[in-house]
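> Everything below, folded, please.
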Amino acid sequence: MDVEIQQPQEVGKSRVVKVDKDEAWELFTTQASNEGRTVVAHFGASWCVTSLSMNYKFEELAQTHPDKLFLFVDVDDVQGVSSKLGVKAMPTFFLIKSKEVLKKIVGANPDELAKMVDSSADVTTLPDIVIQ
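Residues are numbered from 1 along each chain as shown. Now for the predicted structure:
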């Protein structure tokens with residue numbers, strides 16, 4: 001099975017923000033919460049082919065949903081947040097509103113990811129994950 005690896009778009013054109021530290025995650029999620037914005041987070045790694053294969057779709061969704069904050073979190077760089085959210089496989093995607101996880105998708109499924117982002121207003125909170 002051939003997997004096409006999509007490279008991130010040129011700097012300046014991307015709407016996906018790369019989170020490189022635990023403190024940056026806190027800053028971005030707090031700011032989004034204060035603004036009432038939904039966060040869509042992609043947890044992956046630069047060495048994970050499956051995660052890299054989702055970059056194009058994630059960027060496409062970021063372009064078509066400018067009202068949401070799209071974050072890419074490299075699990076090797078931001079281990080504290082990855083651990084706290086229970087990321088065990090890559091890619092893992094989270095839909096977060098007011099610092100509460102509304103939905104989680106594990107695996108590279110572009111259609112499910114698009115559905116999650118498109119229907120974010122209709123999603124209810126998962127009871128077991130709250131970002132402190």
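
> mind listing the strands in the protein by residue range?
16-19, 38-44, 69-74, 92-97, 100-106 (DSSP state E).

> what are the ranges of the helices in this structure?
Assigned by DSSP state H, the helices in the chain fall at 22-35, 49-52, 55-64, 79-84, 110-118.

> how about the third one: buried residues?
It refers to helix 55-64. Residues of helix 55-64 classed as buried by neighbour count (16 or more other C-beta atoms under 10 Å): 55, 56, 57, 58, 59, 60, 61, 62. Placement of C-beta: from N, CA and C, glycine included.

> got a pLDDT number for the first one?
Per-residue confidence at residue 55 stands at 94 (pLDDT).

> Of all the residues in stretch 66-74, which ones are buried?
So stretch 66-74, judged by 16+ other C-beta under 10 Å, has buried residues 68, 69, 70, 71, 72, 73, 74.

> same deal with stretch 77-84?
Across stretch 77-84, burial judged by 16+ other C-beta under 10 Å covers 77, 78, 81, 82.
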